[in-house]
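In: sequence and predicted structure, then a few things I'm wondering about:
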Amino acid sequence: MQHPPDTIPIDLAAALALARSPRPPGPDTPAGAAVRAWPGTPVPLPQAGPADLDLHALLRLSLAASDTSGRLRPAPSAGALHPVDTELTVGTGCSLPPGRYGYDPLRHRVHHLGRQPAGTPPGATAALTVTAQRTASHYGHRARPLLLLDTGHAAAALVLAARALGTGEPRLRMDGRTESPLTSVHVPPPAGRAPGPAPDGSRATGRREQPPTAAELLARRSAPPPLRGAPAPDALRTVLTAAADAGTADLRWSVAVGPPRPGLAARAADGAALRHYATGDARPTLAAWAAGQAWIADAGAVLLAHGCPSDADAPRIRRAHLRAGFAVHLAHLTALRLGLAARPVGSWQQADLGAALGAAPGRDWIVHALALGTHSADEENTT
């Protein structure tokens, strides 16, 4: 049986071990098309009725490109390569007629693919897959975890857009059991309309603070390095809490801080403060582990998602990385609301945090991170 190139089964554990190794990627290769080649003629997303889920707005606030290159989008991506593809299954109560559609984020159009399956619930379900070539073209053997992190960010962007629009509460399938789709997000019609059954019982976890505004979602971007200035402890605790509440039992969360009290901190048992559990400035080591990004050594702080041991099976690997991307995305928005500069950091080599702290090796690897500061290079250049 022939498989499309990006759905060929792989040994995910071996791919992750290679991505974590010090081996450098080879020369860049062609990234291919920036959008999946959906069949049929693209059509615009119609205006929504007063009681319908507005798919035009949902996708504009979450996945649509806002520049002609396609690199600038509300959801961050390693190298701005954006490998995530979106197929929509649309039920009743939406601005599109029921059916299956492929989404083109560059043109903000959809391609009709066929009828919706029997039992499709009201609202829309976005199934997220990846075109691995886009990310592998630059990152080579380091691409596999980045593909998963990018997918988690895209899922979080859809959840935040749904909350901004006042839909019913989104539901996720992010259990890591399937390679394609990697995850799905079901968005019901606006609150007050019967949501019907969801793809599974998992809710889109995360702190339910004031819903984001459309302006917030369209304005959020990864701040350019360097990110300097130490955030206040209360701000760090708030960002860490946002990530931990949206994460999974597969992950632990810490924050690396610099002087005057350098070290690693986690939430105290009561959640009311940060608790230092290791001393010494970890930021220079983090800079070496993060593909040699020297600017991290001077970052104001670095939020860390860690766990995913070397013997994790494929579902656990997928689940940990998807949830890490999802949680860092929500933490990123929280940081911006607090006036902080923030930038996700996804590529990590030899980043065995547990072993570095004297624990057994291979049990506690860095999976994802969010660098934080009180100001970024952009702000320095305008002052």
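Out: It's in.

In: on the three-state scheme, His329 is what?
Out: Per DSSP: H, G, I helix; E, B strand; the rest coil, the secondary structure class of His329 is helix.

In: identify the spatial nearest neighbour of it, chain neighbours not counted.
Out: For His329, ignoring the flanking residues on the chain, the nearest one in space by Cβ to Cβ, 6 or more residues apart in numbering is Ala156 at 3.5 Å. In short, each C-beta sits where N, CA and C put it, glycine included.

In: residues in contact with Ser21?
Out: Applying Cβ atoms under 8 Å, 6 or more residues apart in numbering to Ser21 gives the contacts 349-350.

In: mind doing that once more with 7 Å?
Out: Contacts for Ser21 (Cβ atoms under 7 Å, 6 or more residues apart in numbering) come out as Gln349.

In: show the contacting residues for the residue nearest to His329.
Out: 326, 329-330.

In: can you tell me the helix or strand for it?
Out: Per DSSP states H and E, Ala156 falls inside helix 143-165.

In: which one is Pro98 nearest to, not counting chain neighbours?
Out: Gln116 (4.8 Å).

In: could you pull out the strands for the stretch 251-383 of the chain?
Out: 251-257, 263-267, 274-279, 301-307, 341-345, 365-373 (DSSP state E, counting those that start in this stretch).

In: what angle do the second one and strand 251-257 make?
Out: In this case it means strand 263-267. 130 degrees (axes from the mean of the first three to the mean of the last three Cα atoms, to 10 degrees).

In: what's strand 263-267 in contact with?
Out: 237, 240-241, 244, 253-257, 274-280, 282.

In: what of the fifth one?
Out: Residues from elsewhere that reach strand 341-345, judged by Cβ under 7 Å, 6+ apart: 76, 222-223, 225, 227, 290, 296, 328, 332, 335-336, 368-376.

In: mean confidence for that strand?
Out: Taken as a whole, strand 341-345 has a mean pLDDT of 98.

In: and it, how far out from the chain middle?
Out: 12 Å (Cα atoms, centre = their mean, to the nearest Å).

In: partners of that strand, with directions?
Out: strand 365-373 (antiparallel) (DSSP bridges).

In: next, the angle from the partner strand to helix 143-165.
Out: Going by the same axes, to 10 degrees, strand 365-373 makes 50 degrees with helix 143-165.

In: what's in contact with strand 365-373?
Out: Looking at what lies outside strand 365-373 - Cβ under 7 Å, 6+ apart - the contacts are 20, 149, 227-229, 231, 239, 251, 289, 296, 299-308, 320-321, 324-325, 328, 331-332, 335, 340-346, 348, 351-353.

In: just the angle between that strand and strand 301-307, please?
Out: 160 degrees.

In: give me the mean pLDDT for strand 365-373.
Out: Mean predicted confidence for strand 365-373 is 98.

In: sorry, back to before: may I have the helix holding Ala156 as PDB, with CA atoms only?
Out: The C-alpha trace of helix 143-165 is given here as PDB (Å, rounded to 0.1, in the frame of the first residue of the first chain):
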ATOM      1  CA  ALA A 143      11.600  18.700  12.500                       C
ATOM      2  CA  ARG A 144       9.500  16.000  14.100                       C
ATOM      3  CA  PRO A 145       9.000  17.600  17.500                       C
ATOM      4  CA  LEU A 146       8.600  21.000  15.900                       C
ATOM      5  CA  LEU A 147       5.700  19.800  13.800                       C
ATOM      6  CA  LEU A 148       3.900  18.600  16.900                       C
ATOM      7  CA  LEU A 149       4.600  21.900  18.800                       C
ATOM      8  CA  ASP A 150       3.300  23.900  15.800                       C
ATOM      9  CA  THR A 151       0.100  21.800  15.700                       C
ATOM     10  CA  GLY A 152      -0.500  22.500  19.400                       C
ATOM     11  CA  HIS A 153      -0.100  26.200  18.800                       C
ATOM     12  CA  ALA A 154      -2.600  26.100  15.900                       C
ATOM     13  CA  ALA A 155      -5.100  24.300  18.100                       C
ATOM     14  CA  ALA A 156      -4.700  26.900  20.800                       C
ATOM     15  CA  ALA A 157      -5.200  29.700  18.300                       C
ATOM     16  CA  LEU A 158      -8.500  28.100  17.200                       C
ATOM     17  CA  VAL A 159      -9.600  27.800  20.900                       C
ATOM     18  CA  LEU A 160      -8.800  31.500  21.600                       C
ATOM     19  CA  ALA A 161     -10.500  32.600  18.500                       C
ATOM     20  CA  ALA A 162     -13.600  30.700  19.500                       C
ATOM     21  CA  ARG A 163     -13.600  32.300  22.900                       C
ATOM     22  CA  ALA A 164     -13.200  35.700  21.400                       C
ATOM     23  CA  LEU A 165     -16.300  35.100  19.300                       C
END
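
In: and the next helix or strand after it, which residues are buried?
Out: Per DSSP H and E, helix 143-165 leads on to strand 171-173 as the next helix or strand towards the C-terminus. By neighbour count on 16 or more other Cβ atoms under 10 Å, the buried set for strand 171-173 is 171-173.

In: strand 171-173 packs against which elements?
Out: Counting contacts by 3 or more Cβ pairs under 7 Å, 6 or more residues apart in numbering; DSSP states H and E, strand 171-173 packs against strand 183-187.

In: list the contacts of the strand it packs on.
Out: In contact with strand 183-187 (Cβ under 7 Å, 6+ apart) are residues 53, 58, 121, 123-128, 151, 155, 158-159, 162, 167, 170-174, 198-199, 322.

In: quick check: angle from it to helix 143-165?
Out: Using the same axes, to 10 degrees: strand 183-187 against helix 143-165 is 10 degrees.

In: adjacent strands (with direction) for strand 183-187?
Out: strand 124-130 (antiparallel), strand 171-173 (antiparallel).

In: how much space between the residue nearest to Pro98 and Leu53?
Out: Separation of Gln116 from Leu53 (Cβ to Cβ, to the nearest Å): 14 Å.

In: how close does Arg275 sit to Val255?
Out: 11 Å.

In: follow-up on the earlier one: and the buried ones among the contacts of Ala156, selectable in ChimeraX?
Out: To isolate the buried subset of the contacts of Ala156 in ChimeraX, counting by 16+ other Cβ under 10 Å, use the following:
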select :326,329,330
